[in-house]
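In: A predicted structure for the sequence below; I have some questions about it.
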Amino acid sequence: MKPRVGVSACLLGQALRYDGASRPHAWIRDRLPEYAEIVPFCPETGAGLDVPRPAVQLVRGDDGRIRVCGVDDSRLDVTAVLQQWIRQQAPELQMLDAIIFKSRSPSCGLGSAPLFDGDGKLLQADFSGLYAAWVQMNYPGMVLCDERKLEEKRYQELFLSWLRKKPD
Ligand code: SF4
């Protein structure tokens, strides 16, 4: 049985981004399926957000809580719908061996998403998106990476060698 790898669906060419664009990662889309069963996911459209949709970003409020709010309209707050989708992912996550996240996304970014304060000032450039942070916290043994690592051939080989070694 092939290992199961969750992949941010936009990396497979699915046009689910906020701007409706398709940004496939050629190696993930074309090569990885030879070695793994691909399980696409998209927190934002999974949570019912439209394509296209207003761009959102991570914001730390005065109460210290992290929220996902509109870039142009800070009154837009999609945190609750994203959290609802995230809570439903536990059964699917139990079936995965690894996840490849889209970098810089407020939902999927893995240590690469910018975090702002309520006035739009950048607080941190290497935060994790809402879903990626939840996976990091709740599934510490899961192999996680983003597409930027997999630009490099040596990391592609490393990732594949890990998949090959994984016991059935
Ligand atoms: S980065 Fe994540 S939330 Fe955004 S389109 Fe891709 S899969 Fe969906």
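Out: That came through fine.
In: which bits of the chain sit near the ligand?
Out: Residues of the chain lying close to the ligand (CB under 6 Å from any ligand atom) are 8-10, 16-17, 42-45, 102, 105, 107-108. Using the backbone N, CA and C atoms, a C-beta is placed for each residue, glycine as well.
In: take these and write them to a markdown table, including secondary structure and distance to Ala133.
Out: Shown next, in a markdown table, are the residues of the chain next to the ligand (DSSP: H, G, I helix; E, B strand; the rest coil; distance: CB to CB, whole Å):
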| residue | secondary structure | distance to Ala133 |
| --- | --- | --- |
| Ser8 | strand | 14 |
| Ala9 | helix | 19 |
| Cys10 | helix | 19 |
| Leu16 | coil | 20 |
| Arg17 | coil | 20 |
| Cys42 | coil | 17 |
| Pro43 | helix | 11 |
| Glu44 | helix | 15 |
| Thr45 | helix | 19 |
| Lys102 | coil | 14 |
| Ser105 | coil | 12 |
| Ser107 | coil | 10 |
| Cys108 | coil | 10 |
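In: and which of the residues you listed is nearest Gly61?
Out: Ser107 (17.8 Å; CB to CB).
In: I'd guessed that closest one sits against Val81; true?
Out: No: using CB atoms under 8 Å, Ser107 is not in contact with Val81; the gap is 10.9 Å.
In: comparing those two, which residue is more hemmed in?
Out: Set Ser107 next to Val81 and count neighbours by other CB atoms under 10 Å: Ser107 wins out with 29 against 16.
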